[in-house]
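In: Quick one, structure for this:
(chains A and B)
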Amino acid sequence: GQSLEQPSEVTAVEGAIVQINCTYQTSGFYGLSWYQQHDGGAPTFLSYNALDGLEETGRFSSFLSRSDSYGYLLLQELQMKDSASYFCADPLDTGRRALTFGSGTRLQVQP
Amino acid sequence: SQTIHQWPATLVQPVGSPLSLECTVEGTSNPNLYWYRQAAGRGLQLLFYSVGIGQISSEVPQNLSASRPQDRQFILSSKKLLLSDSGFYLCAWTLPDSKGLYGYTFGSGTRLTVV
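Out: Take a look at the predicted model:
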């Protein structure tokens, strides 16, 4: 089936670097999006990778490898406020105009 | 600038009662509109999306329906709620044909509890 797989939880300490992986299985792929969601809040858009390689936005970077059907979100200089759930997303179908989201990775940043 | 409004923020409804959630977008034209649902601690499940007035694509029919009576208005409805309809309902918009490039902007969500 078509899906996006992520680890359910990741724990890291303040100031560290953490990588959240996303692997996908699909017959039609456009590009990988990443969203952040704090508890009780709505998801917010972080980044989009249409092409292979690394996209950097401040402390956050996102990477895509189409040949490996794999991407990751890299968070550097972790802060307590980065504790949240992170979702990767893609339409997973060339005819579909809506994103399918992965199950999400809960990041816990510890002092 | 574009804004998205979703209401109400919280809702407690008895089983078998009707539901109407409304979402409006300001500052853009012909947006793609979406309804997602999120169970506690889980991912986002796509319910409906719309690429234009009166155009609704259903992902999970169940006992829910959606309508788009105006360009920037998206309504989620049910005639009879089930316990399993409880969850966090999120409306979102994006530019047409963007395939996620510009990101989805989500409303603040409605937390529905069916009792």
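In: which one is A:Val10 nearest to, not counting chain neighbours?
Out: Leaving out its chain neighbours, the residue that sits closest to A:Val10 by C-beta to C-beta, 6 or more residues apart in numbering or on different chains is A:Leu107, at 5.1 Å. (C-beta placed from N, C-alpha, C; glycine too.)
In: For the one you found, grab the count of nearby residues.
Out: Residue crowding around A:Leu107 was assessed by other C-beta atoms under 10 Å in any protein chain shown; the count is 21.
In: for A:Asp82, same thing?
Out: Using other C-beta under 10 Å: A:Asp82 sits among 20 other residues.
In: What of A:Pro111?
Out: Residues near A:Pro111, counting by other C-beta under 10 Å: 6.
In: and what of A:Phe87?
Out: A:Phe87: 25 neighbours (other C-beta under 10 Å).
In: That one against A:Gly104, yeah?
Out: Yes - with contact defined as C-beta atoms under 8 Å, A:Phe87 and A:Gly104 form a contacting pair (4.8 Å).
In: What residues of the helix or strand where the residue nearest to A:Val10 lies count as buried?
Out: According to DSSP states H and E, A:Leu107 maps onto strand A:105-110. Neighbour-count burial for strand A:105-110, counted by 16 or more other C-beta atoms under 10 Å in any protein chain shown, picks out A:105-107, A:109.
In: now, which of the residues you listed sits nearest B:Gln13?
Out: Closest to B:Gln13 out of the buried residues of strand A:105-110 is A:Arg106 (28.6 Å), distances taken as C-beta to C-beta.
In: Just grab the bridge partners of that closest one for me.
Out: A:Arg106 has the following beta-bridge partners by DSSP bridges: A:Glu9, A:Ser85.
In: same question, B:Glu26
Out: According to DSSP bridges, beta-bridge pairing links B:Glu26 with B:Thr3.
In: so who does it touch?
Out: Residues counted as contacts of B:Glu26 (C-beta atoms under 8 Å, 6 or more residues apart in numbering or on different chains) are B:2-5, B:72.
In: Put the buried members of the residues you listed into a PyMOL selection.
Out: Per 16+ other C-beta under 10 Å, the buried members of the contacts of B:Glu26 correspond to this PyMOL selection:
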select buried, chain B and resi 4+72
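In: burial measure for the spatially closest residue to B:Asp85 that is not a sequence neighbour, as a count.
Out: Nearest residue to B:Asp85 in three dimensions, chain neighbours excluded: B:Val114, at 5.2 Å (C-beta to C-beta, 6+ apart). A count of neighbours around B:Val114, defined by other C-beta under 10 Å, yields 19.
In: gap between B:Val114 and chain A?
Out: 19 Å (C-beta to the nearest C-beta, to the nearest Å).
In: And B:Val12, by the same measure?
Out: For B:Val12, the distance to chain A - C-beta to the nearest C-beta - is 17 Å.
In: so what's that residue scoring on pLDDT?
Out: Looking at B:Val12, its pLDDT reads 98.
In: Around chain A, pick out the residues from chain B.
Out: Neighbours of chain A within chain B, by C-beta under 8 Å from any C-beta of the partner chain: B:32, B:34, B:36, B:42-44, B:46, B:49, B:51, B:57, B:59, B:90, B:97, B:99-109.
In: Great, nothing more from me.
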